[in-house]
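Asker: Okay, here's the prediction I keep looking at, along with the sequence it came from:
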Amino acid sequence: MKTLLAVLAALLLAGCATPPPSPTPEDAFRFGGISMPASGKVLETQHDRGIDSRYVVVLTLPAEDVPKLLEASNFAPGVMEDDRLVDGRRVVRKVTVEGTTVHIELFTT
């Protein structure tokens, strides 16, 4: 019996030690209905999951292509924050621009 418990404990610990897969930018863009221009380059992608899900994507993008990103992602003209129904879930989308660095935050509510 002790051997069986030891084996089960080892299996549980081994399963817990496996890190979750790293989020991909494609996962984040699909999650939030984002369409990035070819001129963009992703620098970082983060993902948090609890009751809700949240992605943060940091990318570089020429300033003249920011309107293309917003239009292709179906933001209303002049709007950089909205909420949209994507694949049956309500997703809040926020775009912040600092020079050529663009932060995209996507989360469910």
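Answerer: It's in. Numbering: from 1, shown residues only.

Asker: got the contact list for the one helix or strand Phe29 maps to?
Answerer: Using DSSP states H and E, Phe29 maps to helix 25-32. With contacts defined as C-beta atoms under 8 Å, 6 or more residues apart in numbering, helix 25-32 is touched by 34-36, 42, 45, 47, 53, 55-57, 59, 73, 84, 86, 91, 93, 104, 106. Heads up, the C-betas are built off the backbone N, CA and C, glycines and all.

Asker: and with 6 Å instead?
Answerer: By C-beta atoms under 6 Å, 6 or more residues apart in numbering, the list of residues contacting helix 25-32 from outside reads Val42, Thr45, Tyr55, Val57, Val91, Arg93, Leu106.

Asker: Is the last one bridged to anything, and to what?
Answerer: Meaning Leu106. Counting by DSSP bridges, Leu106 forms beta bridges with Tyr55, Arg93.

Asker: Would you map the helices across this structure?
Answerer: Taking DSSP state H, the helices of the chain run over residues 2-17, 25-32, 66-72.

Asker: follow-up on the earlier one: widest-spaced pair of the contacts of helix 25-32?
Answerer: For the contacts of helix 25-32, with distances taken as C-beta to C-beta, the pair at the greatest spread is Val42 and Val91 (18.6 Å).

Asker: Those two: which has the busier surroundings?
Answerer: More crowded of Val42 and Val91, by other C-beta atoms under 10 Å: Val91, with 22 against 18.
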